[in-house]
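**Student:** structure of the sequence below:
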Amino acid sequence: MQGFTLPLVAVSIIAFFSTVAHAVCAGYNYAFYDGGPTGTYLITDCTPQCNIVRVDRLGTGNVCTEGNYRCSPPPIRVTDVRVNGLWYACRDDPNKGQCNGRPGAEAIPTSCCRNDGRRNLREGKIKRAEYEAIERRNIELDAELAEFQEKARV
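**Tutor:** Reported below is the predicted structural model:
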């Protein structure tokens, strides 16, 4: 008796739709959580498990002057986060959801963040080929976001 093997394309499609079906920030690389008065800032990936990428416990420190964040003029909000040396542009997204399957993960992210390839290229953090790969990935993320929005309408 032969075993059943899923073709790679089918596995990719299943993985894509499982992420889209329960997305924290569909169409983005990271989710940013502002701890407010606690002074704790959290960045997670956008999988349903919301794997923690970084925690910054700044206490009464100013997140806007800490080197891994950039903020807007008043009303102040975090507009960019740096993860592994690269900048990710953050914005609010009406479709953002909650984490799934992790205790304490009931919070909804403050904003959703996507790789800012242009800025990273301009600042010399990446090469042209990396920029082009990021742009291709951003196109895939746009498709994921569109798919998520379509499912949300149903």
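
**Student:** look up phi and psi at the residue nearest to Val78 when sequence neighbours are not counted.
**Tutor:** Counting by C-beta to C-beta, 6 or more residues apart in numbering, Tyr69 is the residue found nearest to Val78 once chain neighbours are left out, at 5.2 Å. From N, CA and C alone the C-beta is placed, and that goes for glycine too. Backbone geometry at Tyr69, expressed as degrees, to the nearest 10, gives phi -140, psi 150.

**Student:** which residues are in contact with Tyr69?
**Tutor:** Counting by C-beta atoms under 8 Å, 6 or more residues apart in numbering, Tyr69 makes contact with Tyr41, Val63, Val78, Asp80, Val81, Arg82.

**Student:** how about a cut-off of 10 Å?
**Tutor:** Contacts of Tyr69 were listed using C-beta atoms under 10 Å, 6 or more residues apart in numbering, and they are 32, 34, 41, 43, 56, 58, 62-63, 78-82, 90.

**Student:** ok, now Tyr30?
**Tutor:** Tyr30 sits next to 24, 43-46, 53-54, 81, 83, 88, 90, 109, 111-115 when contact means C-beta under 10 Å, 6+ apart.
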